[in-house]
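**Q** next come a sequence and a model predicted from it.
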Amino acid sequence: MSTETMQGTGSGMGAGGGEGQKVALTRGDVQRSFWLWTFFSHANYNYERLQGTAFAQAMTPIIRKLYKDPEEIKAALKRHLVFFNTEPNVGGIIHGAVIAMEEQRANGADIDDDAINSVKSGLMGPLAGIGDSISQGTITPILLTLGIGIAAGNPTITGDGNPLGSIIYLVLEVGIMLALAYFFWMQGYDRGRVGVMELLRSGALDRFLTGAGVLGNMVMGALTFQFVHVYLTLHFGIPAGGGNVTDFDINRDLLNAMVPGLLPLGLVLLSWWLIARRRMSPLWLLVVLVVVALVGAFPIFAGPDTPFGCESILNAFFQPAYGANGALGCGAAPPAS
């Protein structure tokens, strides 16, 4: 390559390496930026710029390597202090692409501030939705199911409760999220802006997102069956001949006999309908559920002489296993302490 060509390449906008010199980032530079973002993406989260200051901080190792002129360094930091907000793990693909663009700009490519900001503003919304669906909608519920099952003593896993459940969840959550974040960050840098755009246009992430959504719904269904309990304590006696009376429990002998878990499923669908269709606040829904559960746990219709465990129709949300063999109804009074 001739000297004239080299000078032309290095004399473009923001040529940090000077005439005739190429500025190249090392893997370590990109990794330092990644770790800054990983630990401090929400350290200065604010209503004016959200993650803007964290983005600028993560770019500091890159800017110091690419630009030597103080004015260019100031300009580079300033353009990365604009409003920015996305899911921090999958959204790291934006950072990688921007780092690649900054590297090209420092070596003379015709990339201005608007081009860089358009990539950030154009991708942060879609990738936030994709990232939330993958992390919060799929990975975290699956790992929570595993951790809670171990901690609560799921008989299919450990047989007894085990404090390792919380530790296993923490280790897997951190490990998987870090691996996911690093993968997308490096994919953004290796592919650059064009590669990221092509990846989004190809529909590969959309197909992955659809599969992740299906898997997440399956996991939530399993969580519902295992951890959501709704009981009706309405029961009555049916003459069985010979003076015998068969206890008929509405929850056990009718609803669960037809469709096991029908009441918990109905509660989950009702909660979804209130939040998604009626725009009810999740916080208010939680308050309502807690109040209903507290009222349902109190033996409203039990008299002072009623044996322990004789419950009203409203009284079995918290203690469903009264009576012989866990059957709902009247059980023996607890021994005096």
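**A** Right, received. Where do you want to start?

**Q** hang on, Asn44 packs against Ala56?
**A** No - between Asn44 and Ala56 there is no contact under Cβ atoms under 8 Å: 9.7 Å. No exception for glycine: its C-beta is placed from N, CA and C like everyone else's.

**Q** domain-wise, how is the protein divided?
**A** 3-221, 235-326 (automatic domain parsing).

**Q** dump those domains to a markdown table, plus mean pLDDT.
**A** Formatted as a markdown table, the domains of the chain follow (pLDDT from 0 to 100):
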| stretch | mean pLDDT |
| --- | --- |
| domain 3-221 | 81 |
| domain 235-326 | 70 |
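
**Q** of all these, which one is nearest Val228?
**A** Closest approach to Val228 among these (Cβ to Cβ): domain 235-326, 4.1 Å.

**Q** list the buried residues of stretch 127-134.
**A** Within stretch 127-134, the residues that count as buried by 16 or more other Cβ atoms under 10 Å are Leu127, Ala128, Ile130, Gly131, Asp132, Ser133, Ile134.

**Q** which secondary structure state is assigned to Arg105?
**A** Three-state assignment for Arg105 (DSSP: H, G, I helix; E, B strand; the rest coil): helix.

**Q** same question for Arg279.
**A** Under three-state DSSP, Arg279 comes out as coil.

**Q** in this structure Ile63 contacts Ala75, no?
**A** No - the criterion here is Cβ under 8 Å, and Ile63 misses it with Ala75 at 9.5 Å.

**Q** those two: who's more crowded?
**A** Neighbours per residue (other Cβ atoms under 10 Å) separate Ile63 from Ala75, with Ile63 holding more: 22 against 15.

**Q** out of the buried residues of stretch 127-134, list just those in helices.
**A** Judged by DSSP state H, the subset of the buried residues of stretch 127-134 located in helices is Leu127, Ala128, Ile130, Gly131, Asp132, Ser133, Ile134.

**Q** residue contacts, the fourth one?
**A** So the one you mean is Gly131. For Gly131, the contact set (Cβ atoms under 8 Å, 6 or more residues apart in numbering) comprises Thr86, Glu87, Pro88, Asn89, Val90, Gly91.

**Q** measure the residue positioned nearest the centre of the chain to Tyr189 for me?
**A** Centroid-nearest residue in the chain, with Cα atoms, centre = their mean: Gln136, separated by 1.4 Å. Look at Gln136 and Tyr189: by Cβ to Cβ, to the nearest Å, they are 25 Å apart.

**Q** now swap in Gly52 and tell me
**A** Taking Cβ to Cβ as the measure, Gly52 and Tyr189 are separated by 20 Å.

**Q** state the number of residues packed around the nearest residue to Leu25 once chain neighbours are set aside.
**A** Distances taken as Cβ to Cβ, 6 or more residues apart in numbering place Glu103 nearest to Leu25, at 5.4 Å, with adjacent residues excluded. Applying the criterion other Cβ under 10 Å, we find 23 residues in the vicinity of Glu103.

**Q** I figured Glu103 hits Val23, correct?
**A** Yes - using Cβ under 8 Å, Glu103 makes contact with Val23 at a distance of 7.1 Å.

**Q** helices of this protein, residue ranges please.
**A** Ranges of helices in the chain, per DSSP H, are 3-10, 27-40, 52-58, 60-66, 70-79, 92-106, 113-134, 140-152, 164-202, 204-227, 256-258, 262-272, 282-296.

**Q** out of those helices, deepest packed?
**A** Compared across the helices of the chain, helix 92-106 shows the largest average neighbour count, a mean of 25 (mean count of other Cβ atoms under 10 Å).

**Q** okay, the angle between that one and helix 113-134?
**A** Helix 92-106 and helix 113-134 are oriented at 160 degrees to each other (axes from the mean of the first three to the mean of the last three Cα atoms, to 10 degrees).

**Q** picking up where we left off before, gap between the residue nearest to Leu25 and Asp69?
**A** Relative to Asp69, and taking Cβ to Cβ, Glu103 is found at 16 Å.

**Q** related to what we said a few turns ago, next, format the ones in helices among the buried residues of stretch 127-134 as a markdown table and append distance to Gly149.
**A** A markdown table is the format used below for these (distance: Cβ to Cβ, whole Å):
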| residue | distance to Gly149 |
| --- | --- |
| Leu127 | 31 |
| Ala128 | 30 |
| Ile130 | 28 |
| Gly131 | 26 |
| Asp132 | 24 |
| Ser133 | 23 |
| Ile134 | 22 |
